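Participant: Below are the sequence and a predicted model; questions follow.
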Amino acid sequence: LVGGLETPGGILHQREMHFALPRVRKGTIAQEGLSKKRIDESRTSQFSSHHADALCENILDGNPYSLESLWIVDENPVFESVLAQEWKEALRRVPLVVSFSSFLDETSKFADWILPNHTYLERRQLIKIPSVSKTPVVGLMQPIVKPLYNTRHVGDVILQIARRIKGVRKNFPWKDFESFETNCLKSIFTAKRGTLFTNSFEEVHIKLLEDRGWWIPPHSSFQSFQKEFVKVGGWWDPAYPFRQWGRVFKTRSHKFEFFSQFLFDHLPRKSNMDAEEDQRCLPHAEAAKIDGDKSGFPFFMNLYKPLNLGGASAANQPWLQESLVPHIVARWGSWIEVNPETAEKLGLRDRDLVWIESPTGRIETQLRFYAGVMPDTVNVPLGQGHTAVGRWAKMAGVNPYEIISKQRESLTGVFSLLTTRVKMYKAS
């Protein structure tokens, strides 16, 4: 409306770098599998077609069919889910559960087989940078130490299994995961855009050329490109094609739709659409369903994950535990951040041990003063409270997932993490 979309300094939509793969020849096994419904299909909302908690619920219900095997990579739902207890029962019901976790986490304890992946310090892998900017970036994570134990890259395991299945092996021609990544690098080389990581002067020069429709190949062969890619560690494309509306807007009209045609087609409605139904297809805000009344549970619980606890095994890294967050200088544990004026009214002091209680349950942790939190809100970090993963993780903090209410978002049907009210009081 004000010229802020697809313009320098405005809101942009990152282009993706797609890796070209060989054409898949669908055999009997593939066709049979694709003919079935997804096992993680949501039954609570058509706007969130699949998510992990839906998988758990479908396993428990045997819907749309019973699962014979479940392979888990870089996920720990027994620890990090509102349905932690349900996940335990779901995993018990699956005949074969395979975990590729590098550490014995809470979910791996329910696995029949554990085939540990290399840790991030031991494996090589191409990394696509998340869409936090307009620029597509592909980096190369390289091992800095040899594997300490009898571990294997999960990609190598999948390829080896695929090659042993008749009717499937023809679609997996790579001898190992590194060969697969080489194939992906060829996609970048043949795209004829962007540049390998280089100095700022060269990047500006390449961007100016691409903005004017020019691209000069810096490498005469894929072999030289691959060698340099490994040396510098990545590729990116600094140029950006503005106003490609078909790429930016995934709507039916390829335009910004004030009145959503998708919602109009999928929301249930009466034969004659009234004003209220019309409003549902227009931009609007709907009040979230909050668990806990204000009189009994006066505070909103705002959950956040500290950067140091972002990885699957981060809580088991002593040097990350030692420097968790700078704003209250917290380490080795959990805490609840409370506005000092709010705490004073409750007769609570900084570093007091308190109970945080919701309609679902309660956890005990340390209170910390933080003036940056609203008086009617408390901040609680996620990522601590492990009962597994390793000796350093098991000795640190509590898990807020134990007291999150099972409230679903009205449109997507996924569980909301920010709609739980709590109260707090001093632990005796």
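Facilitator: Happy to help now that I have it.

Participant: got a list of what E322 touches?
Facilitator: E322 is in contact with 331-332, counting by CB atoms under 8 Å, 6 or more residues apart in numbering. Every C-beta, even on glycine, is put in place using the N, C-alpha and C of the backbone.

Participant: Quick check: it vs G383, distance?
Facilitator: The gap separating E322 from G383 is 15 Å, by CB to CB, to the nearest Å.

Participant: This structure: helices as residue ranges?
Facilitator: 28-34, 52-61, 84-93, 154-163, 177-191, 200-211, 222-232, 245-248, 261-266, 275-280, 318-321, 340-345, 391-394 (DSSP state H).

Participant: Point out the most buried one among those helices.
Facilitator: helix 52-61 (a mean of 19; mean count of other CB atoms under 10 Å).

Participant: pretty sure L91 is in contact with S81, am I right?
Facilitator: No. Here L91 does not reach S81: they are 11.7 Å apart, not a contact under CB atoms under 8 Å.

Participant: For the stretch 151-300 of the chain, give me the ranges with low pLDDT.
Facilitator: 269-275 (pLDDT under 70).

Participant: can you do 90?
Facilitator: Applying pLDDT under 90 to the stretch 151-300 of the chain flags the ranges 163, 165-173, 191-220, 236-292.

Participant: And for the stretch 301-428 of the chain?
Facilitator: 310-313, 331, 394-396, 407-417, 428.

Participant: can you redo the helices of the chain as a markdown table with distance to A287?
Facilitator: Output for the helices of the chain, formatted as a markdown table (distance: least, CB to CB, whole Å):
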| stretch | distance to A287 |
| --- | --- |
| helix 28-34 | 40 |
| helix 52-61 | 23 |
| helix 84-93 | 27 |
| helix 154-163 | 43 |
| helix 177-191 | 45 |
| helix 200-211 | 46 |
| helix 222-232 | 51 |
| helix 245-248 | 30 |
| helix 261-266 | 18 |
| helix 275-280 | 14 |
| helix 318-321 | 38 |
| helix 340-345 | 24 |
| helix 391-394 | 38 |
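
Participant: between those, which gets nearest to P116?
Facilitator: helix 154-163 (9.1 Å; CB to CB).

Participant: Quick one: distance of that closest one to the chain centre.
Facilitator: Its chain's C-alpha centre and that of helix 154-163 lie 24 Å apart, by CA atoms, centre = their mean, to the nearest Å.

Participant: next one: stretch 126-145
Facilitator: Using CA atoms, centre = their mean, the offset of stretch 126-145 from its chain centre is 15 Å.

Participant: got the end-to-end distance for it?
Facilitator: Start-to-end span of stretch 126-145 (CA to CA, to the nearest Å) is 17 Å.

Participant: What residues of that stretch count as buried?
Facilitator: 126, 134-140 (16 or more other CB atoms under 10 Å).

Participant: which of those sit farthest apart?
Facilitator: It's K134 and L140 that sit farthest apart of the buried residues of stretch 126-145, by CB to CB, at 21.5 Å.

Participant: residues in contact with the closest residue to L353 other than its chain neighbours?
Facilitator: Among residues not flanking L353 along the chain, A427 sits closest, at 4.3 Å (CB to CB, 6 or more residues apart in numbering). The contact partners of A427, by CB under 8 Å, 6+ apart, come to 352-355, 364.

Participant: what do you get for T365?
Facilitator: Taking CB under 8 Å, 6+ apart, one finds 333-336, 353-354, 356, 380, 397-398 in contact with T365.

Participant: Which member of those residues is positioned nearest L303?
Facilitator: Closest to L303, out of all of those and judged by CB to CB, is V380, at 5.6 Å.

Participant: Beta-bridge partners for the closest one, please?
Facilitator: L303 (DSSP bridges).

Participant: Let me know the distance separating it from N302.
Facilitator: Taking CB to CB, one finds V380 at 7 Å from N302.

Participant: who's more crowded, these two?
Facilitator: Per other CB atoms under 10 Å, whichever of V380 and N302 has more neighbours is V380, with 22 against 15.

Participant: Am I right that the more buried one is in contact with V354?
Facilitator: No. Using CB under 8 Å, V380 is not in contact with V354, being 11.2 Å away.

Participant: what touches both of these two?
Facilitator: 336, 365.

Participant: Would you mark the buried spots in the strand ranked longest in the chain?
Facilitator: Using DSSP state E, we find that the single longest strand of the chain is strand 362-369. If you call a residue buried by 16+ other CB under 10 Å, then strand 362-369 has these buried ones: 362-363, 365-369.

Participant: Please apply the same query to stretch 105-117.
Facilitator: Buried-residue list, stretch 105-117, by 16+ other CB under 10 Å: 105-108, 110-111, 114, 116-117.

Participant: Rebuild those as CSV, extending it with pLDDT.
Facilitator: Putting the buried residues of stretch 105-117 into CSV (pLDDT from 0 to 100) gives the following:
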residue, pLDDT
D105, 95
E106, 96
T107, 96
S108, 96
F110, 97
A111, 97
I114, 96
P116, 96
N117, 96
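
Participant: Would you report which members of the residues you listed are assigned to strands?
Facilitator: Those of the buried residues of stretch 105-117 mapping onto strands are I114, per DSSP E.

Participant: tell me which of the buried residues of stretch 105-117 is nearest to G311?
Facilitator: Using CB to CB, these come closest to G311 at D105, 11.7 Å.

Participant: what about T195, distance to K186?
Facilitator: Computed as CB to CB, the T195 to K186 distance reads 17 Å.

Participant: oh, I was asking about S42
Facilitator: According to CB to CB, S42 stands 37 Å off from K186.
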